[in-house]
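coordinates only, no sequence provided:
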């Protein structure tokens, strides 16, 4: 009997032990879900005035560059300057040989002298014609009276018909002589006018030759730099052949294309009398916006900026990146580029330490005192004291919980 109860006793003891263990087990700790927060850095919004800059890439130009050409055909006698050499006002640049200049000048002077002599000769001829006309008119009158006497004698049979014909021929010859002389006198004004016109033309040619002879010896009209040298001493050159070029040390310009969206703003600032400056890297060179080109293109309009100060090594034809300072903007905020999402979205940290999406207007770029680039934006939500999240989060979205990296004691991710 006892053998049959033993398994039941063992089973009962096991069940009783299980119940005792279950009743005496410790209670498990409650597990609650916690929301993760992202560590970020923030910038306190302080709207103020900032000067946005516009990056430009332009070409250096020399608008006052002088191209020297040969005024006369001849041989180069001297060229004491070389490519890239600096010269001062009055320095000799190039000169033709005198042996090629003097003959042309002498020929022009001789032509003037010849025409002046022809005019004097014409005036003497005119005076002689006037005097000769009186004599020839007297001879004609005598011939007419002789014809009348001969005709009277013939009618009285005191002279022959041959005498009458001879008297008639003599009168005809004298009248022809008078007529010829009168025509020469009448043509005197036109002949004199023609000679005077030819003289004026010759004198103009002489003045041109003298001017070209003077310009055959070229000196520097200003302090500048020699460029584009194309001849050497001894070269034979023709008239108007290019010899060399010279550009002034001062007066260089930078031509850079400005996008159309900024042109109206810059033109309005110039009309107000504002002075806008552009600076090269490290502010080594400064240019002032002077005007815009007269025509535009699909990529914008060329802005013309004049160099203020020394060129410090820049040359015409070189490409130079500059930053043009646009008119000052008020009630704007300068933020780092890392704070921007897309084209016009930033996030603020609200009072509940959550991200809040805000749309802003991009004004342009600005540079800090240490040369760092920042973005200038404006927006109604950018109120003084607001906290702008400057850490760029790949999973940024409105409502995302964040915490200040400085409070967490670790750098932001």
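Cool, the structure landed. Note that the structure is predicted; figures quoted are calculated from it, not measured.

what ranges do the helices span in the stretch 101-250 of the chain?
Here the stretch 101-250 of the chain has its helices, by DSSP state H, counting those that start in this stretch, at 161-186, 188-215.

please convert the ones you listed to TSV, extending it with mean pLDDT.
Converted to TSV, those look like this (pLDDT from 0 to 100):
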stretch	mean pLDDT
helix 161-186	86
helix 188-215	92
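
can you list these in a markdown table and add mean neighbour count and distance to residue 111?
For every residue, glycine as well, the C-beta is placed using N, CA and C. Listed next are the helices of the stretch 101-250 of the chain as a markdown table, based on neighbours: other C-beta atoms under 10 Å; distance: least, C-beta to C-beta, whole Å:
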| stretch | mean neighbour count | distance to residue 111 |
| --- | --- | --- |
| helix 161-186 | 15 | 26 |
| helix 188-215 | 14 | 5 |
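
okay if I get those helices as JSON lines plus distance to residue 49?
Converted to JSON lines, the helices of the stretch 101-250 of the chain look like this (distance: least, C-beta to C-beta, whole Å):
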{"stretch": "helix 161-186", "distance to residue 49": "89"}
{"stretch": "helix 188-215", "distance to residue 49": "56"}
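
and residue 60, which of the ones you listed is closest to it?
Comparing those against residue 60 with C-beta to C-beta, the closest turns out to be helix 188-215 (29.1 Å).

between helix 161-186 and that closest one, find me the angle.
40 degrees (axes from the mean of the first three to the mean of the last three C-alpha atoms, to 10 degrees).

helices or strands up against helix 188-215?
Helix 188-215 is packed against helix 98-155, with contacts defined by 3 or more C-beta pairs under 8 Å, 6 or more residues apart in numbering; DSSP states H and E.

list the contacts for residue 202?
Contact analysis of residue 202 by C-beta atoms under 8 Å, 6 or more residues apart in numbering lists 108, 111, 112, 115.

one step back: looking at the helices of the stretch 101-250 of the chain, spot the one closest to residue 293.
Among those, if distance is taken as C-beta to C-beta, the winner is helix 188-215, at 32.5 Å.

helix 98-155 and the closest one, what's the angle between them?
Interaxial angle of helix 188-215 relative to helix 98-155 (the same axes, to 10 degrees): 170 degrees.

pick the one among the contacts of residue 202 closest to residue 99.
The nearest member of the contacts of residue 202 to residue 99, counting by C-beta to C-beta, is residue 108 at 16.3 Å.

now the end-to-end length of stretch 381-394.
Counting by C-alpha to C-alpha, to the nearest Å, you get 22 Å between the two ends of stretch 381-394.

what mean pLDDT does that stretch have?
For stretch 381-394, mean pLDDT rounds to 90.

what does it contact?
Residues from elsewhere that reach stretch 381-394 (C-beta under 8 Å, 6+ apart): 38-47, 333, 335-336, 338-339, 341, 346-349, 355, 358-360, 396, 400, 402, 405, 412-413.

which strand residues bridge residue 345?
Residue 345 has these beta-bridge partners by DSSP bridges: residue 341, residue 359.

what are the buried residues along stretch 346-364?
Neighbour-count burial for stretch 346-364, counted by 16 or more other C-beta atoms under 10 Å, picks out 346, 347, 348, 349, 354, 355, 356, 358, 360, 363, 364.

report the rounded mean pLDDT for it.
Mean predicted confidence for stretch 346-364 is 90.

same check, this time on stretch 287-304
The average pLDDT within stretch 287-304 is 91.

now that stretch, how far from the chain's geometric center?
9 Å (C-alpha atoms, centre = their mean, to the nearest Å).

swap in stretch 148-161?
99 Å.

that stretch: which residues count as buried?
Within stretch 148-161, the residues scored as buried using 16+ other C-beta under 10 Å are 150, 154, 159.

can you give me the end-to-end distance of that stretch?
First-to-last residue span, stretch 148-161, C-alpha to C-alpha: 13 Å.

run through who's touching that stretch.
Under C-beta under 8 Å, 6+ apart, the answer for stretch 148-161 is 163, 164, 166, 167.

stretch 73-87 too?
Identification of contacts with stretch 73-87 by C-beta under 8 Å, 6+ apart yields 91-101, 216, 220, 223-229, 231-239, 243-244, 246, 249.

any of those residues buried? List them.
For the contacts of stretch 73-87, a burial check counting by 16+ other C-beta under 10 Å picks out 91, 93-96, 100-101, 216, 220, 224-227, 229, 231, 237, 243-244, 246.
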